[in-house]
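Student: structure for the following, please:
(2 chains)
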Protein chains: 2
Amino acid sequence: MKELQDRIRIDGQVIGTQTLKVDSFLNHQIDPAFIMRMGETLADKFTQDGVTKILTVESSGIAVAMAAGLKLGVPVVFAKKKPAVTQDSETYLADVFSFTRKEAVQISVAAKFLVKDDVILIIDDFLAHGEALNGMVSIVRQSGAKLAGAGIVIEKRFQEGGKKLRAAGIRIETLAAIEYMEPGTIRFAQN
Amino acid sequence: MKELQDRIRIDGQVIGTQTLKVDSFLNHQIDPAFIMRMGETLADKFTQDGVTKILTVESSGIAVAMAAGLKLGVPVVFAKKKPAVTQDSETYLADVFSFTRKEAVQISVAAKFLVKDDVILIIDDFLAHGEALNGMVSIVRQSGAKLAGAGIVIEKRFQEGGKKLRAAGIRIETLAAIEYMEPGTIRFAQN
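Tutor: Numbers count the residues shown, from 1 in each chain, chains lettered A, B, ... in the order given. The predicted structure is shown next:
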């Protein structure tokens, strides 16, 4: 998505060769109209897949997931990083390690919201080492639902989470995939 | 908002007299089209106020805030409950005690996203004891920006956060205000 690549070049901050900060339009401040275009563009890649529900994880995936859900006309479920105080008895859980934060969190989804007749599209803001996506795929597997694939705003392809998950047969669509970056330079992959 | 009252009656779960669970459409699973209508309805109450930015707090406020931001054509900033790994040097902070979780969290907003020329509309999913709203008001004060008011999806009026904040001069608009509830009974306020 050309508009996203341009926005990353203009507003993104590259820190070292591993960290891209896009807090001015994606994960701290958001630009609602742009988020809508990104969510719609991701949704359009899955219009033929019979998607019945979108799964994301709090917090930064929620806005894009909502935009995609609006386009496909399906509900959005966001996995929680903290258990609810009034926890449902049946809950799907997955452990997710954050390389950025160097800590593990357990994500959870109430079982009643993902059922085996569902066709799930996973949406997230970033794909890096693939930990969060892997956790969400695990939750979809636990539910018995069908996984249509994953739609990702920015993939840091050099961190190889996408490579592993694609090798495992998961369809992954991204709006911008970065092959290499350092301060002053961002090289996008062609697809 | 009649549609919201009906939805709360049909899909909400009242636990005891203090807890209302609306995880099927607002804070775990969301209904994007309904969220859009709610965000737009809140935005419409502030069209004359010159709002330049919306402030919410992760995670459950994000979807409604995005809908309101889309309607008003302004960016949305969501306060973080965990400091960013690549923290900005200047950050506004506020301590927020959660009565539900019986724990305090510190919410933060990068100073660059709220400036003194801004007119801020705060959006959140719930107003109960008023702790989260109070924290966001504190952050707006720290920035020197003008506060237009707060738009809240569901106010639990019997928990009196709204009363205290209105007494402090904050304009608060709600889509549904609950005066009293117990399993089987929900009584909404007239305004």
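Student: please list the residues of chain A that sit near chain B.
Tutor: Proximity of chain A to chain B, by Cβ under 8 Å from any Cβ of the partner chain, involves residues A:15, A:19, A:21, A:23-24, A:28-33, A:35-36, A:58-59, A:62-63, A:66-67, A:69-70, A:73-78, A:80, A:82, A:84-86, A:100-101, A:109-110, A:113. (Each C-beta comes from the backbone N, C-alpha and C, glycine too.)
Student: now, these that are in helices?
Tutor: Judged by DSSP state H, helices contain the following of the residues of chain A next to chain B: A:32, A:33, A:35, A:36, A:62, A:63, A:66, A:67, A:69, A:70.
Student: would JSON lines of these with distance to residue A:53 be doable?
Tutor: Formatted as JSON lines, these follow (distance: Cβ to Cβ, whole Å):
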{"residue": "A:32", "distance to residue A:53": "23"}
{"residue": "A:33", "distance to residue A:53": "25"}
{"residue": "A:35", "distance to residue A:53": "20"}
{"residue": "A:36", "distance to residue A:53": "19"}
{"residue": "A:62", "distance to residue A:53": "14"}
{"residue": "A:63", "distance to residue A:53": "17"}
{"residue": "A:66", "distance to residue A:53": "13"}
{"residue": "A:67", "distance to residue A:53": "15"}
{"residue": "A:69", "distance to residue A:53": "8"}
{"residue": "A:70", "distance to residue A:53": "13"}
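Student: derive a ChimeraX selection command for the buried subset of the residues you listed.
Tutor: The following ChimeraX line selects those of those that are buried, judged by 16 or more other Cβ atoms under 10 Å in any protein chain shown:
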select /A:32,35,36,62,63,66,67,69,70
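Student: nearest to residue B:96, of the ones in helices among the residues of chain A next to chain B?
Tutor: Of all these, residue B:96 sits closest to residue A:62, with 19.3 Å by Cβ to Cβ.
Student: so who does that closest one touch?
Tutor: Contact partners of residue A:62, counting by Cβ atoms under 8 Å, 6 or more residues apart in numbering or on different chains, are A:56, A:76, A:78, B:30, B:59, B:62, B:63.
Student: looking at the residues you listed, which are in strands?
Tutor: Within the contacts of residue A:62, residues falling in strands by DSSP state E are A:56, A:76, A:78, B:30.
Student: tell me what the residue nearest the centre of chain A is bridged to.
Tutor: Closest to where the C-alpha atoms of chain A average out (Cα atoms, centre = their mean) is residue A:124, at 1.3 Å. The bridge-partner assignment for residue A:124, based on DSSP bridges, gives residue A:152.
Student: want to throw the contacts of residue A:62 into TSV with distance to residue B:138?
Tutor: Below are the contacts of residue A:62 laid out as TSV (distance: Cβ to Cβ, whole Å):
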residue	distance to residue B:138
A:56	29
A:76	31
A:78	27
B:30	28
B:59	20
B:62	20
B:63	24
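Student: circling back: ok, of the residues of chain A next to chain B, which come out buried?
Tutor: A:21, A:23-24, A:28-32, A:35-36, A:58-59, A:62-63, A:66-67, A:69-70, A:74-78, A:80, A:84, A:109-110, A:113.
Student: that older thread, from the contacts of residue A:62, which is closest to residue A:119?
Tutor: Within those, the smallest distance to residue A:119 is 14.0 Å, found for residue A:76 (Cβ to Cβ).
Student: could you give the bridge partners of that closest one?
Tutor: Assessed by DSSP bridges, residue A:76 has beta-bridge partners residue A:54, residue B:30.
Student: sorry, back to before: flag the least confident of the contacts of residue A:62.
Tutor: Of all those, residue B:59 carries the smallest pLDDT score, 94.
Student: how much space between that residue and residue A:60?
Tutor: 9 Å (Cβ to Cβ, to the nearest Å).
Student: identify the residues contacting the closest residue to residue A:70 other than its chain neighbours.
Tutor: Excluding the flanking residues, the one nearest residue A:70 by Cβ to Cβ, 6 or more residues apart in numbering or on different chains is residue B:32, at 4.1 Å. Contact analysis of residue B:32 by Cβ under 8 Å, 6+ apart lists A:66, A:67, A:69, A:70, A:74, A:75, A:76, B:63.
Student: change it to 7 Å
Tutor: Neighbour list for residue B:32: A:66, A:69, A:70, A:76 [criterion: Cβ atoms under 7 Å, 6 or more residues apart in numbering or on different chains].
Student: do residue A:122 as well
Tutor: Residue A:122 makes contact with A:55, A:56, A:133, A:136, A:150 under the criterion Cβ under 7 Å, 6+ apart.
Student: and whichever strand or helix holds it, which residues are buried?
Tutor: According to DSSP states H and E, residue A:122 maps onto strand A:119-127. When burial is assessed from 16+ other Cβ under 10 Å, strand A:119-127 yields the following buried residues: A:119, A:120, A:121, A:122, A:123, A:124, A:125, A:126, A:127.
Student: what element comes up after it heading to the C-terminus?
Tutor: Scanning forward in sequence from strand A:119-127 by DSSP H and E, the next helix or strand is helix A:131-143.
Student: can you name every helix or strand that that next one contacts?
Tutor: Using 3 or more Cβ pairs under 7 Å, 6 or more residues apart in numbering or on different chains; DSSP states H and E, the elements in contact with helix A:131-143 are strand A:53-57, strand A:91-98, strand A:119-127, strand A:146-156, helix A:161-167.
Student: who touches stretch A:160-180?
Tutor: Under Cβ under 7 Å, 6+ apart, the answer for stretch A:160-180 is A:1, A:4-5, A:8, A:38, A:41-42, A:45, A:127-131, A:133-134, A:137, A:147, A:149-158, A:186-189.
Student: please identify the buried residues of that stretch?
Tutor: A:161, A:162, A:165, A:170, A:172, A:173, A:174, A:175, A:176, A:177, A:178.
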